[in-house]
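Colleague: fold the following, please.
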Amino acid sequence: MNAIANSEIKIWYKAAREEDFPQNGGACVKYKNIQVAVFNFSRRNEWYACQNLCPHKMQMALSRGMIGTLNDEPKVACPFHKKNFSLRSGECLNAEEEKISTYPVKVEGGFVYIGFSF
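Modeller: From the prediction side, this is the model:
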């Protein structure tokens, strides 16, 4: 679900069961020392994952952000600072913040997997 090609993925991390994630919302999972915000964008039938760290004030908060769209671009808004980040590219859509990391997501057999390339 982002710019990383499947051929570049080194590991698919089995994050949790599909039903463990709120519909049209997010939850945080941890892989090694990385906190990842995973979003079940059910009204679009899409899944996204990005870093949980908001670069504006360096708070682990994006998993609690509001998801929506801007010109059909899926986005998350930091719950504290209202900075909007594309869930596809990681680009900040309403300020000059640094880009956030995004990760591919797949759902298979009722489980959500996050792709990592190292």
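Colleague: hey, let's count contacts and neighbours off CA atoms from now on
Modeller: Fine.
Colleague: with adjacent residues omitted, what lies nearest to Tyr31?
Modeller: Nearest non-adjacent residue to Tyr31, counting by CA to CA, 6 or more residues apart in numbering: Tyr13, 7.6 Å away.
Colleague: before we move on, which element is that neighbour in?
Modeller: Using DSSP states H and E, Tyr13 maps to strand 11-17.
Colleague: for the following helix or strand past that strand, name the packing helices and strands.
Modeller: For strand 11-17, the following helix or strand on the C-terminal side (DSSP H and E) is strand 25-31. Contacts defined by 3 or more CA pairs under 8 Å, 6 or more residues apart in numbering; DSSP states H and E place strand 25-31 against strand 34-41.
Colleague: the inter-axis angle of the strand it packs on versus strand 11-17?
Modeller: 60 degrees (axes from the mean of the first three to the mean of the last three CA atoms, to 10 degrees).
Colleague: in strand 34-41, what counts as buried?
Modeller: 35-41 (16 or more other CA atoms under 10 Å).
Colleague: distance between it and the chain's centre?
Modeller: In terms of CA atoms, centre = their mean, to the nearest Å, the centre of strand 34-41 is found 4 Å from the chain centre.
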